[in-house]
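> pasting a predicted model and its sequence here:
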Amino acid sequence: MSKPSHPSLAWPRSDGDPSRWPDTTHRPGDDSWHEEAPVRGTKIDLYETKIAEQLAVELRLKVDPTRQRIPMPDGYKLFAHKKKQPGGDIRTDYYLYGSPDILKFRSVPEFADHAIWLFDTSKPLDDHSTCTCKYSKGAGRRQSMPGSATKRPSGSSPLKEGTLKKKRVVQEDEDSLPAVVPDRAEELRSQRRFRELIWFRINTITPPLSIAGLEPITHWPGLISNVPLKTRVIGDTASASASSAWTLFGGSAPSTLDASTIVHYYEYHIRPLGMFSPQEEVIKDGKDILPWQVGNELLGGERGWDSIGNHAEKVLKEGVQKEAVKEKGKPKDEIEATLGRGWKGHWAKRIKFVEMSREYEDAVFRLSVALKTASSITNSWAQTDKIDVLPDNQDISADDMAAILDQKKTLYQKNRKDLPSSALLSPTEGATERGVFFKIRVIAVEVNPGSAKPDQTAWRCLLYGDIFELAKEGDATQLPTPNSAIDSSKDSLNVHYQSAKGFVYRQLNETDSEVTVDVIDVAGRVYHDLLDGATQSWFIDPSKPSDKEGRIQPGESALALVGLKSGTTVASKSTDWEEDLYGIVQKTTKTTETQMKGYYTDLLREELGLPKLNGVDGQVDALAGSS
């Protein structure tokens, strides 16, 4: 299999399915048959070079597009279709197979749009209508891929074992973000705050006053499916349209047309959890979204989640009792034949989120399922995409290249007291109580010979980069900095990464060295403005402590996400491995509903006096134990 010619020409995902490949059995007398095309040949070369050329242009890579190559996505393969002609000749046509939605691609141009869709991870892989290839329902709606992908930053490779290591200072392009992978660079440019599992604010659903211990439902779990860029016109719409037309054709709009303002913003499309219509999306502004890690401070925290689960179980049991009353007296064969119609017809009916009843008693069961599903998602994890290192990569040392080729190293895209304090600057006042920040340059999985058994290979996942503390804002000259720090605002971390109000990031290691930490030392990303009233409307803004309407006092999790507390309280505790996020979501949603349906069926059979089937044990805890 060929190697990609550029690190950015690596498939971020694939919908390829080998079961879609044609049968290559060739029986005597067959008029037509399929054969696998050679892995190296004119036809596959054409696909690999022309598709790479198209993608290089779409990604705006600073390379010669005509000299690029990319192997076909996983699950795709080129086949030769052989067919006997009347004169005895054999006609050969080549087709690309593997798509679950398309029988075959007949040419490179046919597959090109589909390839661009595979690279555009903002579009769901399970909805081929968002693709612009000729076989999609969305054909003819082609749009550019969101944002521009920057060149993978150059930098020295991870060195030998040690905590503080020397590194080569790399000069970045003036218009690029320093040492940032393309996806992260685009997030910084777009100010995208959230990626996947989140809470989104809803119109408050108030619980019955007669039931103690239940908190109002203010937020709902969901998954972000897409974040499109939108435009809003403030002022004279006609003038704005005319001004845009002038700009489109390379001119400057007359001053008389400047009476309006065009605002660009990002719109979050969210798929609510809780057994809703699979194509249902809720559209929210970023200020109405909170990271999942603050969940223990929403809906009453851990006790509130248990109360939700217990009340949902009560609602389910009462509903089952009413269903059973309607079935009692019927022949058992008839009951068995129609048993469980209420599950799909009521409890798990695929309604739109906006169609859900605003009554607490009706919403609480779906909320409990949503909480259970989201908790299962966070209990799963997937390794990030592997970086295919090219043999002529000048940034990889000879020793490290040998380790990579020998499969002893693979590259992939804490508390203060645990750090090597002797090699770092002393903390500023109060910094030891706040979070420690790590700017990741590279993630590496390496052989760990120290703990390996004689017949086994032990592995260790390490992060390489610079380490920072959150120091109080003030005159920069009063803050100690590494001796070799470059005194330039262009190179300052604070230029590209915002910090909490009143604080700045202060690098602790020398700029010609770097720190290594274990992957388990990293808690997650930073939300510097989580407590800022201008960007969200739930936690109390420290700059406006008297503004408490509709807001709550931030707890330790919220403070940790800002960086004002140690980040250990929001660390990931994932244990279940899956290939990717798509697999995680698919598995957890199906498993959770299967468990809920099994519990519902057991309750119904018990009410009707039918023998219990072999269901999932512990179904009572499936609702009550959501936290």
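The structure has been received and is ready for your questions. Please read all numbers here as calculations on a predicted model, not as lab measurements.
> mind checking the longest strand of this protein?
Counting by DSSP state E, the longest strand found in the chain is strand 459-472.
> pLDDT of that one, averaged?
In this model, strand 459-472 has a mean pLDDT of 85.
> partner strands of that strand, with direction?
strand 436-447 (antiparallel), strand 503-507 (antiparallel), strand 513-518 (antiparallel) (DSSP bridges).
> and the second one, what's buried?
Of the residues in strand 503-507, those scored as buried under the neighbour-count criterion (16 or more other Cβ atoms under 10 Å) are F503, V504, Y505, R506, Q507. C-beta here means a position set from N, CA and C on the backbone, and glycine is covered the same way.
> do the last one as well
For strand 513-518, the neighbour count (16+ other Cβ under 10 Å) marks S513, E514, V515, T516, V517 as buried.
> make a markdown table out of those residues and add distance to F119 and pLDDT.
Listed next are the buried residues of strand 513-518 as a markdown table, based on distance: Cβ to Cβ, whole Å; pLDDT from 0 to 100:
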| residue | distance to F119 | pLDDT |
| --- | --- | --- |
| S513 | 36 | 80 |
| E514 | 31 | 81 |
| V515 | 33 | 84 |
| T516 | 32 | 84 |
| V517 | 31 | 80 |
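> now, which of these sits nearest E429?
If you rank these by distance to E429 using Cβ to Cβ, V515 comes first, at 22.3 Å.
> just to check, that closest one is in contact with I467?
Yes: V515 lies in contact with I467 (Cβ atoms under 8 Å); the separation is 4.7 Å.
> rewinding a little: how about the buried residues of strand 513-518 in JSON lines, adding distance to K284?
As requested, those are arranged in JSON lines below (distance: Cβ to Cβ, whole Å):
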{"residue": "S513", "distance to K284": "43"}
{"residue": "E514", "distance to K284": "38"}
{"residue": "V515", "distance to K284": "37"}
{"residue": "T516", "distance to K284": "39"}
{"residue": "V517", "distance to K284": "35"}
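> out of the residues you listed, which comes closest to N203?
Comparing the buried residues of strand 513-518 against N203 with Cβ to Cβ picks out V517 as the nearest, at 43.0 Å.
> surely that closest one meets F438?
Yes: using Cβ under 8 Å, V517 is in contact with F438, at 6.4 Å.
> quick one: the helices in the protein, in order.
For the chain, helices defined by DSSP state H occupy the ranges 42-58, 108-119, 182-190, 237-248, 301-327, 332-338, 341-342, 360-378, 398-405, 493-496, 556-562, 581-608, 619-624.
> and E433, which of the ones you listed is closest to it?
Between E433 and the helices of the chain, the tightest spacing by Cβ to Cβ is seen for helix 556-562, at 10.2 Å.
> so where is the stretch 351-500 of the chain shaky, pLDDT-wise?
Of all residues in the stretch 351-500 of the chain, those with pLDDT under 70 make up the ranges 382-397, 400, 404-405, 407-422, 449-453, 475-493, 495-496.
> buried ones in the longest strand of the chain?
Using 16+ other Cβ under 10 Å as the burial criterion, the residues of strand 459-472 that qualify are R460, L462, L463, Y464, G465, D466, I467, F468, E469, L470, A471.
> cool, and stretch 532-548?
Neighbour counts using 16+ other Cβ under 10 Å place D532, G533, T535, Q536, W538, F539, I540, D541, P542 of stretch 532-548 among the buried residues.
> dump those to a markdown table, plus distance to R13.
A markdown table is the format used below for these (distance: Cβ to Cβ, whole Å):
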| residue | distance to R13 |
| --- | --- |
| D532 | 34 |
| G533 | 38 |
| T535 | 31 |
| Q536 | 31 |
| W538 | 33 |
| F539 | 35 |
| I540 | 40 |
| D541 | 39 |
| P542 | 40 |
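> and the residue nearest to Y268 when sequence neighbours are not counted, what is it in contact with?
Nearest residue to Y268 in three dimensions, chain neighbours excluded: K284, at 4.9 Å (Cβ to Cβ, 6 or more residues apart in numbering). Applying Cβ atoms under 8 Å, 6 or more residues apart in numbering, we find K284 in contact with F200, R201, E267, Y268, I270.
> can I get those residues in a markdown table with neighbour count and distance to Y76?
A markdown table is the format used below for the contacts of K284 (neighbours: other Cβ atoms under 10 Å; distance: Cβ to Cβ, whole Å):
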| residue | neighbour count | distance to Y76 |
| --- | --- | --- |
| F200 | 21 | 36 |
| R201 | 19 | 42 |
| E267 | 14 | 33 |
| Y268 | 23 | 32 |
| I270 | 25 | 31 |
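> before we move on, the earlier item: kindly reformat the buried residues of strand 459-472 as CSV containing distance to T594.
Compiled in CSV, those are given as follows (distance: Cβ to Cβ, whole Å):
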residue, distance to T594
R460, 37
L462, 38
L463, 37
Y464, 42
G465, 42
D466, 46
I467, 44
F468, 45
E469, 47
L470, 45
A471, 51
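> ok, so of those residues, who is nearest S499?
Comparing every one of those with S499 (Cβ to Cβ), the shortest separation belongs to L470, at 6.3 Å.
> partners of that closest one in the sheet?
Applying DSSP bridges to L470 yields these beta-bridge partners: Y505.
> my read: it touches R434, true?
Yes: judged on Cβ under 8 Å, L470 makes contact with R434 at a distance of 4.6 Å.
> give me the common contacts of those two.
Between them, L470 and R434 have F503, G563, L564 as joint contacts when contacts are counted by Cβ under 8 Å, 6+ apart.
> neighbours around V39, how many?
Neighbour count of V39, defined by other Cβ atoms under 10 Å: 11.
> got the phi and psi for it?
In this entry, V39 is assigned phi and psi values of phi -70, psi -20 (degrees, to the nearest 10).
> and V233, what pLDDT?
The model reports V233 with a pLDDT of 65.
> name the nearest residue to V320, sequence neighbours excluded.
Nearest non-adjacent residue to V320, counting by Cβ to Cβ, 6+ apart: L603, 4.5 Å away.
> so who does the nearest residue to W21 once chain neighbours are set aside touch?
Distance criterion Cβ to Cβ, 6+ apart; nearest residue to W21, sequence neighbours excluded, is Y97 at 5.0 Å. The contact partners of Y97, taken as Cβ under 8 Å, 6+ apart, are R20, W21, P22, Y76, K77, L78, F79, L103, K104, F105.
> sorry, back to before: how far does the longest strand of the chain sit from its chain's centre?
For strand 459-472, the distance between its averaged C-alpha position and the chain's averaged C-alpha position is 22 Å (Cα atoms, centre = their mean, to the nearest Å).
> end-to-end on stretch 543-554?
Using Cα to Cα, to the nearest Å, the span of stretch 543-554 from its first residue to its last is 13 Å.
> what does that stretch contact?
With Cβ under 8 Å, 6+ apart as the contact definition, stretch 543-554 has outside contacts at E297, K501, L530, L531, D532, G533, S537, W538, F539, I540, D541.
> stretch 525-536 too?
193, 286-291, 294, 435, 437, 497-501, 539-544, 547, 551, 554, 558, 561-563.
> and stretch 368-385, what's buried?
Using 16+ other Cβ under 10 Å as the test for burial, stretch 368-385 gives S368, V369, A370, L371, K372, T373, A374, S375, S376, I377, T378, S380.
> still on that earlier bit, for L9, see how far away the residue nearest to W21 is.
Look at Y97 and L9: by Cβ to Cβ, to the nearest Å, they are 22 Å apart.
> got it, and I552?
When I552 is compared with L9 (using Cβ to Cβ), they lie 47 Å apart.
> which secondary element of the protein has the worst mean pLDDT?
Counting by mean pLDDT, DSSP states H and E, the chain has its least confident helix or strand at helix 619-624, which shows a mean of 46.
> quick check: most distant residue from the centroid of this structure.
If you look at how far each residue of the chain sits from its centre, by Cα atoms, centre = their mean, the farthest one is G87, at 56.3 Å.
> R358 and T204 touch, don't they?
No: between R358 and T204 there is no contact, the gap being 9.3 Å when judged by Cβ under 8 Å.
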